[in-house]
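S.K.: Provided below are the primary sequence and the corresponding predicted coordinates.
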Amino acid sequence: MALVLPGSSTVVRSVGDVVHWSLSTVAFAVTLPTRLEALLFSVERLVARINQIADNADRVVIGAAAVTVRAETLVEAVEQTSDIAGQLLEIYEPIALQLAPLAARFADDLSEAEVSAAIKLIDQLPELTDRVAAVLPILGTLDSVSPEIHELLGVVKDLRQAIVGVPGFHFFRKRGEAKLD
């Protein structure tokens, strides 16, 4: 007969629970390396993805910095252009306001034929300039030639009077006119 002590069943049950718990713990401990390996693999994949995201973010930041520099350059150029345009408006606005009625009248009165003629004239300006430049020196000497022309006219007048005074000149003149006809 076995002797059973009071409360021993509780102890046995408790020892059974401890053994069961120990076995569960051992089973968990046995699978722990595999689970840790899977967890480590997942963490490595997560770290690689985070690095990829960080690299992409770096490229985005670098691209944004380049765009910012270009935008600043563009803004400076626009500001300069705006300043120049403002200065030009200050200078030319009064002139434009003054000339607007005249320009409108000019545009209203201008025909297509006149525009075509103006274009042809502009096309011929180089040749016209060359010819005028060639004639200008001659025109500059006309003031010194003028007295000589007057003298020459006087001589021709005297010669004409002398010829008209020659007896029979009238006859020769009529005969010459008849031959020319």
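M.R.: That came in fine, so what should we check first?
S.K.: Please enumerate the strands of the protein.
M.R.: Under the criterion DSSP state E, the chain carries no strands.
S.K.: Residue ranges of each domain in it, please.
M.R.: 15-109, 112-174 (automatic domain parsing).
S.K.: Compute the mean per-residue pLDDT across the first one, please.
M.R.: Confidence over domain 15-109, taken as the mean pLDDT, stands at 90.
S.K.: just to revisit the earlier point, turn the domains of the chain into a markdown table, columns for distance to Asp181.
M.R.: Quick note: C-beta positions are derived from backbone N, CA and C, even for glycine. Shown next, in a markdown table, are the domains of the chain (distance: least, C-beta to C-beta, whole Å):
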| stretch | distance to Asp181 |
| --- | --- |
| domain 15-109 | 51 |
| domain 112-174 | 11 |
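S.K.: now the ones you listed as TSV including mean neighbour count?
M.R.: Putting the domains of the chain into TSV (neighbours: other C-beta atoms under 10 Å) gives the following:
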stretch	mean neighbour count
domain 15-109	10
domain 112-174	10
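S.K.: mind checking which of those domains is nearest Leu180?
M.R.: Closest approach to Leu180 among the domains of the chain is made by domain 112-174 (10.8 Å; C-beta to C-beta).
S.K.: quick one: that closest one to chain centroid distance?
M.R.: 55 Å (C-alpha atoms, centre = their mean, to the nearest Å).
S.K.: what ranges do the helices span in this protein?
M.R.: Secondary structure of the chain by DSSP state H: the helices cover 8-109, 112-164, 169-180.
S.K.: how about Ser116, what does it touch?
M.R.: Not one residue lies near Ser116 by C-beta atoms under 8 Å, 6 or more residues apart in numbering.
S.K.: Tell me how far it lies from Ile122.
M.R.: Between Ser116 and Ile122 the distance, using C-beta to C-beta, to the nearest Å, works out to 11 Å.
S.K.: next one: Leu40
M.R.: Computed as C-beta to C-beta, the Leu40 to Ile122 distance reads 85 Å.
S.K.: again with Gln161
M.R.: Distance of Gln161 to Ile122, given as C-beta to C-beta: 53 Å.
S.K.: again with Glu76
M.R.: To Ile122, Glu76 is 39 Å away according to C-beta to C-beta.
S.K.: for the record, mean pLDDT for stretch 112-122?
M.R.: In this model, stretch 112-122 has a mean pLDDT of 91.
S.K.: how about it as CSV, C-alpha atoms only?
M.R.: The C-alpha trace of stretch 112-122 is given here as CSV (Å, rounded to 0.1, in the frame of the first residue of the first chain):
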residue,chain,number,x,y,z
GLU,A,112,-1.2,97.8,-98.9
ALA,A,113,0.3,99.3,-102.1
GLU,A,114,2.2,101.8,-99.9
VAL,A,115,3.5,99.1,-97.6
SER,A,116,4.7,97.1,-100.7
ALA,A,117,6.4,100.2,-102.1
ALA,A,118,8.1,100.9,-98.7
ILE,A,119,9.3,97.3,-98.6
LYS,A,120,10.7,97.6,-102.1
LEU,A,121,12.4,100.9,-101.2
ILE,A,122,14.0,99.3,-98.1
